[in-house]
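[1] Build me a structure from this.
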Amino acid sequence: MTSTVTNDQPATGAGSGSGGSGSGSGARAEIAGLLHRYLLSLDDEELDDAWTAGLFTDDAVVAFPVSRHQGADGMAAYHRSALSAFAATQHLGSPAVVELDGPRATLRANLISTHVHHAHHALPQGSLPPLFATGTFVNGEARRTPEGWRLNLLAFRLLWADGSPPPPAR
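    Numbers count the residues shown, from 1 in each chain. Next up is the predicted model:
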């Protein structure tokens, strides 16, 4: 079940442009849905250019504590490369708190991510515990485009970690 926390203050300038929800609560739900779709897709979907176009603006930035990527070009490849360090992942996000400001919005959420190490890195074959889990705080920005709302910033701040990250790629 997906839920969204909203701030019921009226949105300024939130007209019903093409491709996007014009109502405050509809826009908030659409923006929160972008974050939810992003997190779910990391675990179970094909990350390609269509994935990027459905979630991000052309100038989007995704910033993790260990790396960042700017621009739609290469966004899917960047994520595929990062995820390939693990055998599997699961990203569990809290409901997003979305604040509207006309054609722009900010969002905040908490995230718990579980990363399953490849067998050759995990005990007994390797030296790492089988799981690497993190708790992060997500800050984001979205912009209304002719295609609807799209993310133009996702920034992840590490709050805690349990286990060990994968060894550096060689």
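
[2] State the pLDDT value of residue 102.
    Listed pLDDT for residue 102 reads 96.

[3] ok, residue 53 - contacts?
    By CB atoms under 8 Å, 6 or more residues apart in numbering, the contact list for residue 53 reads 72, 147. C-beta here means a position set from N, CA and C on the backbone, and glycine is covered the same way.

[4] Let's see that with 7 Å instead.
    By CB atoms under 7 Å, 6 or more residues apart in numbering, the contact list for residue 53 is empty.

[5] Give the next helix or strand downstream of the strand or helix carrying residue 138.
    Per DSSP states H and E, residue 138 falls inside strand 131-145. Once strand 131-145 ends, the next helix or strand along the chain (criterion: DSSP H and E) is strand 148-162.

[6] Sheet-wise, list the partners of that next one with their directions.
    Strand pairing for strand 148-162, determined by DSSP bridges: strand 56-63 (parallel), strand 131-145 (antiparallel).

[7] Return the backbone torsion pair for residue 66.
    With angles defined as degrees, to the nearest 10, residue 66 sits at phi -110, psi -10.

[8] Also residue 121?
    Here is the backbone geometry of residue 121 (degrees, to the nearest 10): phi -100, psi -30.

[9] Ranking helices and strands of this protein by mean pLDDT, which lands last?
    Least confident element among the helices and strands of the chain, by mean pLDDT, DSSP states H and E: strand 5-6 (a mean of 39).

[10] The helix or strand following it - contacts with which helices or strands?
    The first helix or strand that comes after strand 5-6 along the chain, using DSSP H and E, is helix 24-44. If contacts are counted by 3 or more CB pairs under 7 Å, 6 or more residues apart in numbering; DSSP states H and E, helix 24-44 sits against helix 49-55, strand 86-93, strand 97-101, strand 104-117, strand 131-145, strand 148-162.

[11] Helix 24-44 to strand 104-117, inter-axis angle?
    20 degrees (axes from the mean of the first three to the mean of the last three CA atoms, to 10 degrees).

[12] Specify the angle between helix 24-44 and strand 97-101 in degrees.
    130 degrees.

[13] next one: helix 24-44 to chain centre, how far?
    Its chain's average C-alpha position is 9 Å from that of helix 24-44, according to CA atoms, centre = their mean, to the nearest Å.

[14] tell me the mean pLDDT over that helix?
    The pLDDT scores in helix 24-44 average 96.

[15] Now do the buried residues in it.
    24, 27-39, 41-42 (16 or more other CB atoms under 10 Å).

[16] of these, closest to residue 111?
    Distance to residue 111, by CB to CB, is smallest for residue 39 among those, at 7.0 Å.
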